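**Student:** fold the following, please.
(3 chains)
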Amino acid sequence: MSASAGSLPRFIAQRVLLVIPMVWILMTLVFVVLRVAPGDPISAALGGKLTPAALDQRRHALGLDRPLIVQYGDYLGSILHLDFGKSFTDNQSILSVVRDNGGATLSLTIAAFLVALVIGIPLGLLAGRLRDTAPDVLIRLFGIITYATPIFFVGLLVQIHVAPLLGLPTSGDASPETLFVVPERTHILLVDALLSGDWLSIQDVLTHLALPAFTLGVAICGVFIRLVRVNILQTVQSDYVEAAQARGIARGKVMRNHAFRNALVPVITIVGLQMALLLSGAILTESTFNWPGLGQKLVKYINGRDYGAVQGIITIFALVVIFISLLVDVVNALIDPRVRY
Amino acid sequence: MRRIAAFIATPFSKTQGVARWMLVIGIAITAVFLFCAAFAPWVAPYGFAQFRSSSGADFPKLAAPSPHHWFGTTDLQTDVLSRVIWGARTAVEVVSLAVIASLLLGMVLGLVSGYFGGWLDRVLVLVMDSLFAFPSFLLAIVFAFLFTNLIGSGFLFLSGGVLAAALSLTAIYIPQYFRVVRNTTISAKEATYVEAARALGATDGVIMRRYLFGNVIQSVPVLATLNAADAIGTLAALGFLGIGIQPDEAGEWGFDLQRALDDAGLGIWWTSLYPGLAIVLLITGLTLVGEGLNETVNPLLRKQRLVPVEMTARQPTVPTSETSVTSR
Amino acid sequence: MTLVEQVPATPSAQGPVIDVRDLRVWYGTPRGAIRAVDGVTFSLDGGETLGLVGESGCGKSTLGRGLMGLLPDGAKRDGEVLFKGDDILQMSVHDARAMRGADLGMIFQEPLTRLNPLMRISQHFEETIKQHEPSLSKATIRERAIEVLSLMGIPPTRYRSYPHEFSGGMRQRLMIALALVLRPAFVVADEPTTALDVLVEAQIIRILNDLRENFDTSLLLITHNLGIVAEACDRVAVMYAGRIVEQGDVRDVFGQPQHPYTRELLRSTISLSTTGLNFIPGAPPDLIDPPPACRFHPRCRDAMNVCADKDPIPTVSGTGTRVECWLHGPAQEIPAGGDAPLPREEIGLADEA
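**Tutor:** Residues are numbered from 1 along each chain as shown, chains lettered A, B, ... in the order given. Alright, predicted model coming up:
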């Protein structure tokens, strides 16, 4: 019964098997929800812009006049080939939309996540240790207020008050010169800028990233604060902490090595959940800061009633979220030896 | 009469410390908004889409706060204060509907699933977990999209947009209640007192109603309150993106903020500040209530009240070495 | 058939290792102070094992924790706890903490949750030893750990395992090893076998008994199981409602119990010759407002008037047993009429503690 790494592959295989039905359910849900609406997608998106004959032609070309079951099977099948369809309004393949805009969303969410961690975890640790004192109350209030304030409101306030003070840009992910100068390699602007080695471009990209990432990061840090705090409260009371004290271990060491460390482990699990929160928040942040990511595109397609695009993009989001939670489970298994069994 | 007063005072009397203040302040804030929501037609000076006064004069456009318009006016010449108050009504309507509906559905499904188990349970768990894993806001967008097209005009006193928004919020919160109720049901199901009841001949329905329901009901208030807080935020976000409630149906804070985005650059602060503050305050109030309840109810988080000990004087024991008297 | 050999205690020349005088541990609550330990006096010599028995809620655990200094916030101690002559209660927090692990050891009740699940056993030992002897090398630490582990019957190959890979009994042995690795002179064992099955219990008791030979440790064994005490302890102290009502050599106390409570306790134990169940009517008293004078008098069959009136004065019998009871108390202290039986109502209505 030793801690062999051999059980890890088995654990991963189990988790992957579990993921497949979940993916299937979500795909079906997206399909059903978007198709069940009365009227057909094409009229909704393009009705009034094209003649009825042209509309029929479009419908036929996109296979929307076939029975629903056939369309459903087609939809699932194409996903397996990583074909997420085309948008109705501007005839773009969803894959290309993701390629062009996904990088911006990716850099925004990762940067925001880091901001949230850096702010949230230390504050949570502090609040848990100093329970019910003034710092604890203030930190918890801070967590609640940042959660209560809508991202677009924070963004608004940041744009009005903070941006002029720090001289940071509030729109877009880079100035036109940078976009011109930096060669596109990975489709992620930040990475491309770093690869190009041009210091001015890197600076430009980072300054554009600063405010949106900060806004989104502050908006979600409340979750980390609350989680870490509650975990600390529980680990501090645990039996093994008392046993360590009985062996004369210094209080500071007991807190650090037993209470804090064990309290942070569940945080890793919650990371997966935060991915979902981050993506939702990203959509709003991109609208507020004119950030050219997938979220902004999604909103545009929604307002244009473009079912094809909306279906494709949401499918991709769902897959990303599930994949990340799978990754998180694996990391969790690596850290916590009990999970593998 | 005294009992009613005592009941109202329970947030203050039965709790202590930080939890008490959270509860009290939270309830106070929420009460203000509930009041505005209930009495909007009488409290608000004007209608939410009203752009001219009763005497026929148009309201000024983007006017700064003044004695006529305490919070100023918007670019559509509507009164900001009125829109904030009417927005409270919209928020309370939509969110109450959504929370109650998802609570009922989630609880029923959770009870049934947890109690009967088997393949029904497995399927439901899989569906709920998938829903739960998905970004709730995205899901809300998708559902709002669906319901807006589906519903059209409306039902009773609820307009189409309000109903659509409420239904989409309902859909995304069901999994939470389902999960909590199912888990509690499963652990309560195996409890010995349930076994005893069954041995005495109680039917499934009786067991579910009398034994499991009471257990399950404990965690629901906290969850419902925190859900309501989240729902307000989600509703505002939907309104910000222009999905769900249309401007002619009802006032909505998120929508107001979206329009205020352009005003910001021109130095106009009142169109965004007040709706924004309203959202922050209401969500904070509800979250404070939820967290305060959680602290009080959850035994792990509850802190024992420390009372300093006063010891009496020490009485040293004086051993005597007398041999024992014959015992009785 | 005795499980372990009775090893006679060797009183050290310097006096007792632990000398407790009038120890009180009170907790503050809104209703009033809980007098969990209300004036306890005893002492332990080197290599001696003292069993501390009593019902649930009598204060035994609090006493053990109070000696170690592991009480929650809001508890207050009073009296003297002399460890080799130094009063622990007067020490600074820092000095008191330094004594834990090196001079005072504790073995807890629930072995399953007492080890950090994310740390290997080796890390537990390294942490403990390094705290008290920071200059030792990792190799020396490992040597010491393996030495004490093998005494507990745990092979060196398991040194780097995680806690969840051990069974309950093995985890308790790990806890004992951790508590003893620095050779403390005094160890408190708080119900070490309550959570374990009978066979494992026997193993653990044998290990605790060997402590005396291998380590010359003074052991305070807190338990509600009289059988273990009979087998493994030199002396026994019977605790009721925060006070020690009788203490002495195990064979004397169990053979000829003097305090009515001790008598009832012994009668309630079950053996192969038991034909009916005996129990003590009533319930343990409320520690916030205990009965006046002798705390046992509401439940005592032989209670006299003086028992409800004046605190019993401790007496020492010929065999060395110390008892607090008016039945054996100094007769001249009993007022006239005080030795008449106490009139009472049904005991069954006694308050729950």
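
**Student:** so how far is chain C from the residue of the stretch 1-150 of chain B found nearest chain A?
**Tutor:** Across the stretch 1-150 of chain B, the shortest distance to chain A (Cβ to the nearest Cβ) belongs to B:F137, at 3.3 Å. (Each C-beta comes from the backbone N, C-alpha and C, glycine too.) Taking Cβ to the nearest Cβ, to the nearest Å as the measure, B:F137 and chain C are separated by 34 Å.

**Student:** host element of that residue?
**Tutor:** Element membership for B:F137 (DSSP states H and E) is helix B:136-151.

**Student:** what do you get for C:G39?
**Tutor:** strand C:32-44.

**Student:** pLDDT averaged over that strand - what is it?
**Tutor:** Averaging pLDDT along strand C:32-44 gives 89.

**Student:** isn't B:G285 right next to B:V24, touching?
**Tutor:** No. The pair B:G285 / B:V24 is not scored as a contact, 10.9 Å apart, by Cβ atoms under 8 Å.

**Student:** neighbour-wise, which of the two wins?
**Tutor:** Comparing B:G285 with B:V24 by other Cβ atoms under 10 Å in any protein chain shown, the one with more neighbours is B:G285, at 25 against 16.

**Student:** excluding chain neighbours, what is closest to the more buried one?
**Tutor:** Among residues not flanking B:G285 along the chain, B:I29 sits closest, at 3.1 Å (Cβ to Cβ, 6 or more residues apart in numbering or on different chains).

**Student:** so what's C:L265 up against?
**Tutor:** C:V53, C:L226, C:V238, C:P257, C:I280 (Cβ atoms under 8 Å, 6 or more residues apart in numbering or on different chains).

**Student:** got a list of contacts for the helix or strand encompassing the third one?
**Tutor:** Using DSSP H and E, C:V238 sits in strand C:235-240. Outside strand C:235-240, the residues that touch it by Cβ under 8 Å, 6+ apart are C:40, C:42, C:48-55, C:58-60, C:63, C:229, C:244-250, C:253-254, C:259, C:261-262, C:265, C:284, C:295-296.

**Student:** now, those that are in strands?
**Tutor:** Using DSSP state E, the subset of those located in strands is C:40, C:42, C:49-53, C:244-249.

**Student:** CSV please, covering those residues and showing neighbour count.
**Tutor:** Rendered in CSV, the data for the ones in strands among the contacts of strand C:235-240 read as follows (neighbours: other Cβ atoms under 10 Å in any protein chain shown):
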residue, neighbour count
C:V40, 24
C:F42, 19
C:T49, 26
C:L50, 23
C:G51, 26
C:L52, 29
C:V53, 24
C:I244, 27
C:V245, 25
C:E246, 28
C:Q247, 26
C:G248, 23
C:D249, 16
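
**Student:** biggest separation within those, which pair?
**Tutor:** By the measure Cβ to Cβ, those have their two most distant members at C:T49 and C:V245, which lie 19.8 Å apart.

**Student:** coming back round to it: tilt between the strand holding C:V238 and strand C:243-249?
**Tutor:** Direction vectors for strand C:235-240 and strand C:243-249, defined by axes from the mean of the first three to the mean of the last three Cα atoms, to 10 degrees, enclose an angle of 160 degrees.

**Student:** avg pLDDT for strand C:235-240?
**Tutor:** Strand C:235-240 shows an average pLDDT of 94 in the prediction.

**Student:** what are the ranges of the helices in the stretch 151-300 of chain C?
**Tutor:** C:168-180, C:198-215, C:226-232, C:250-255, C:260-268 (DSSP state H, counting those that start in this stretch).

**Student:** most packed of those helices?
**Tutor:** Among the helices of the stretch 151-300 of chain C, the stretch with the highest mean neighbour count (mean count of other Cβ atoms under 10 Å in any protein chain shown) is helix C:168-180, at a mean of 23.

**Student:** got the CA positions of it in PDB?
**Tutor:** The C-alpha coordinates for helix C:168-180 follow below in PDB (Å, rounded to 0.1, in the frame of the first residue of the first chain):
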ATOM      1  CA  GLY C 168      -5.600   2.700  13.400                       C
ATOM      2  CA  GLY C 169      -3.500   0.600  15.800                       C
ATOM      3  CA  MET C 170      -0.300   1.400  13.900                       C
ATOM      4  CA  ARG C 171      -1.100   5.100  13.900                       C
ATOM      5  CA  GLN C 172      -1.500   5.000  17.600                       C
ATOM      6  CA  ARG C 173       1.900   3.300  17.900                       C
ATOM      7  CA  LEU C 174       3.300   6.100  15.600                       C
ATOM      8  CA  MET C 175       1.800   8.700  17.900                       C
ATOM      9  CA  ILE C 176       3.400   7.000  20.900                       C
ATOM     10  CA  ALA C 177       6.700   6.900  19.100                       C
ATOM     11  CA  LEU C 178       6.500  10.600  18.300                       C
ATOM     12  CA  ALA C 179       5.600  11.400  21.900                       C
ATOM     13  CA  LEU C 180       8.500   9.400  23.200                       C
END
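
**Student:** can you tell me which helices and strands it packs against?
**Tutor:** With contacts defined as 3 or more Cβ pairs under 8 Å, 6 or more residues apart in numbering or on different chains; DSSP states H and E, helix C:168-180 has these neighbours: helix A:239-246, strand C:104-107, helix C:121-132, helix C:138-151, helix C:198-215.
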